[in-house]
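S.K.: Next come a sequence and a model predicted from it.
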There are 4 protein chains.
Amino acid sequence: MTEDKIEDLNGLKIRLREFAKARDWNQFHSPKNLSMALSVEVAEIAEHFQWLTEEQSKDLPKHKLAEVETELADTLIYLIRLADKLNIDLIRAALNKIEINEQKYSVDKAKGNAKKYTEFNK
Amino acid sequence: MTEDKIEDLNGLKIRLREFAKARDWNQFHSPKNLSMALSVEVAEIAEHFQWLTEEQSKDLPKHKLAEVETELADTLIYLIRLADKLNIDLIRAALNKIEINEQKYSVDKAKGNAKKYTEFNK
Amino acid sequence: MTEDKIEDLNGLKIRLREFAKARDWNQFHSPKNLSMALSVEVAEIAEHFQWLTEEQSKDLPKHKLAEVETELADTLIYLIRLADKLNIDLIRAALNKIEINEQKYSVDKAKGNAKKYTEFNK
Amino acid sequence: MTEDKIEDLNGLKIRLREFAKARDWNQFHSPKNLSMALSVEVAEIAEHFQWLTEEQSKDLPKHKLAEVETELADTLIYLIRLADKLNIDLIRAALNKIEINEQKYSVDKAKGNAKKYTEFNK
């Protein structure tokens, strides 16, 4: 596999498959368990931000940013594994969702507010 | 932008930037807030699995799988946004983490067990 | 305050108020931040269970159970703090919700299945 | 059971046991599953706060506050169920943890900062 090929989601998916297989970890990687692991990693991101103001969260000291980067990596890793186990194409799914969001959150209704689309008329 | 180019993480990142900008949503997209949104979406994945057995989670009915796909999409979308706001290259971060994991979880120590590397000698 | 009185939710609430005040921590304890802290603690509970089977989760080794107990304590602590900041009576709220659930999930419809009440006819 | 007795954690625990038993739901209530349900409910709290400023989170409109109250109730309900299944006394566990915190976060070290105790010297 070329370096070029490995550097996308598909390349990561293959590499993570091999990683799990070599360690006999597929027995642990049910979608249920992977969804739990994903929520644990995401909480480790949130832990860095919980007592910061929004402004502070935009300007992390370097060593904190490096820690957050590692948690983002873990999150992506479990997200790829979960999608792989469910035979979901993440990029395709995200593109579909963005198209749906572009309709649900039309610019004229959504501009400048963070309301959920179900609350536009409230 | 070509269809080919849009179909990777970088293409999604650009498209999500434009989406947020058009709606004047950058004011809401602090890393702190995005980390909360990410944890909310991940919980919506877990909600589908919470009462299922591991076996059931591997064999979702079609309409459930479609719902889970949408939650995975939302998760990826917020993960990309958060990484963008922090100037983190997700693919690069994941590759680095996989290399670290390959050392922490060497095949001889990790094979067939789900222990955290800090507990290998317990 | 008597030992007897301190041993309920109300006693804990008072004690946690004093704890936060003495450390000048009310500046950090907005409902938003407390909701994040709560989700972080709950993920630390889930972390102990993520790779276990359901059966294993019922029979934790003693040292694991002690760790989980600490995470449950942290969860209750932040839940009490959050309710206090929002002027919500937790016991009263739970009683109300149980009464709602008893109607939504009537025994004849809910017995032996884990469907959400919105899916009873599916 | 008197009204007086039901209005504490222990009363809620008994009532939730009866609720689950009548619906034959103990089969779903493994500690693993309950920890997932707990994280889902906590995310539903966070969902209300994710796009609000800290100031806005302190001053919810009445209908939002009522929704948040319901999510807090659900969180307490699952926390009680989980503790019950693990034979953990929540009040006792919280008191123990508060005592530990009073030592870890002594007023002189913790006053006015939100550092984790492991980072006091950083």
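M.R.: Cool, the structure landed. Numbers count the residues shown, from 1 in each chain, chains lettered A, B, ... in the order given.
S.K.: What strand or helix carries the residue sitting nearest the centre point of chain A?
M.R.: Geometric centre of chain A, nearest residue: A:L76, 5.0 Å, by C-alpha atoms, centre = their mean. Secondary structure assignment for A:L76, by DSSP states H and E: helix A:62-85.
S.K.: returning to what we had before: got a list of what the residue nearest to the residue nearest to the centre of chain A when sequence neighbours are not counted touches?
M.R.: Nearest in space to A:L76, with sequence neighbours left out and distances taken as C-beta to C-beta, 6 or more residues apart in numbering or on different chains, is B:A94 at 4.8 Å. All C-beta spots, glycine's among them, are computed from the backbone N, C-alpha and C. B:A94 sits next to A:L12, A:A73, A:L76, A:I77, A:I80 when contact means C-beta atoms under 8 Å, 6 or more residues apart in numbering or on different chains.
S.K.: at 7 Å what do you get?
M.R.: Residues in contact with B:A94 (C-beta atoms under 7 Å, 6 or more residues apart in numbering or on different chains) are A:L12, A:A73, A:L76, A:I77.
S.K.: for A:I45, same thing?
M.R.: A:V68, A:E71, A:L72, A:T75, B:S35, B:L38.
S.K.: could you redo the last one with a cut-off of 6 Å?
M.R.: Counting by C-beta atoms under 6 Å, 6 or more residues apart in numbering or on different chains, A:I45 makes contact with A:E71, B:S35.
S.K.: any idea how far B:L9 is from it?
M.R.: From A:I45 over to B:L9 the distance is 17 Å, taken as C-beta to C-beta, to the nearest Å.
S.K.: Assign the closest residue to chain C within chain A to helix, strand or coil.
M.R.: Nearest residue of chain A to chain C, counting by C-beta to the nearest C-beta: A:A43, 3.2 Å away. Secondary structure, DSSP: H, G, I helix; E, B strand; the rest coil: A:A43 is helix.
S.K.: Please identify which helix or strand holds the residue nearest to A:L76.
M.R.: helix B:90-104.
S.K.: C-terminal to the worst-scoring helix or strand of chain A on mean pLDDT, what's the next element?
M.R.: Ranked by mean pLDDT, DSSP states H and E, the weakest helix or strand in chain A is helix A:3-6, scoring a mean of 50. Next along the chain after helix A:3-6, taking DSSP H and E as the criterion, comes helix A:9-22.
S.K.: what's the neighbour count on the closest residue in space to A:F49 that isn't next to it in sequence?
M.R.: Closest residue in space to A:F49, ignoring its immediate chain neighbours: B:K32 at 4.3 Å, by C-beta to C-beta, 6+ apart. B:K32: 26 surrounding residues under other C-beta atoms under 10 Å in any protein chain shown.
S.K.: what sits against B:K32?
M.R.: Neighbour list for B:K32: A:F49, A:E54, A:S57 [criterion: C-beta under 6 Å, 6+ apart].
S.K.: Okay, and which of these map to helices?
M.R.: With helices defined by DSSP state H, the entries of the contacts of B:K32 inside them are A:F49, A:E54, A:S57.
S.K.: Considering those residues, which possesses the most neighbours?
M.R.: A:F49 leads the ones in helices among the contacts of B:K32 on contacts (other C-beta under 10 Å) with 25 neighbours.
S.K.: can you tell me how far that one sits from A:E55?
M.R.: Counting by C-beta to C-beta, the gap from A:F49 to A:E55 is 12 Å.
S.K.: Equivalent analysis for A:N26, please.
M.R.: 44 Å.
S.K.: Neighbour count for these two, which is higher?
M.R.: Taking other C-beta under 10 Å, A:N26 and A:E55 do not tie; A:N26 has more neighbours (12 against 9).
S.K.: What sits closest to that one if chain neighbours are left out?
M.R.: Going by C-beta to C-beta, 6+ apart, A:N26 has A:A20 as its nearest residue, at 5.5 Å.
S.K.: For that neighbour, give its distance to A:N33.
M.R.: 12 Å.
S.K.: Those two - which one has more neighbours?
M.R.: Neighbours per residue (other C-beta under 10 Å) separate A:A20 from A:N33, with A:N33 holding more: 25 against 17.
S.K.: check which helix or strand covers the more buried one.
M.R.: Secondary structure (DSSP H and E) places A:N33 in helix A:31-49.
S.K.: what angle sits between that helix and helix B:31-49?
M.R.: 160 degrees (axes from the mean of the first three to the mean of the last three C-alpha atoms, to 10 degrees).
S.K.: list the buried ones in helix A:31-49?
M.R.: A:31-49 (16 or more other C-beta atoms under 10 Å in any protein chain shown).
S.K.: now stretch A:11-30
M.R.: A:G11, A:L12, A:R15, A:L16, A:R17, A:F19, A:A20, A:R23, A:W25, A:F28, A:H29, A:S30.
S.K.: For stretch A:114-122, the averaged confidence score.
M.R.: Averaging pLDDT along stretch A:114-122 yields 82.
S.K.: Centre of the chain to it, how far?
M.R.: 25 Å (C-alpha atoms, centre = their mean, to the nearest Å).
S.K.: what's it in contact with?
M.R.: With C-beta under 6 Å, 6+ apart as the criterion, stretch A:114-122 contacts A:K104, A:Y105, A:K109, B:F28, D:W51.
S.K.: Please tabulate these in TSV, including the columns pLDDT and distance to chain C.
M.R.: Below are these laid out as TSV (pLDDT from 0 to 100; distance: C-beta to the nearest C-beta, whole Å):
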residue	pLDDT	distance to chain C
A:K104	94	20
A:Y105	95	22
A:K109	92	25
B:F28	97	13
D:W51	97	10
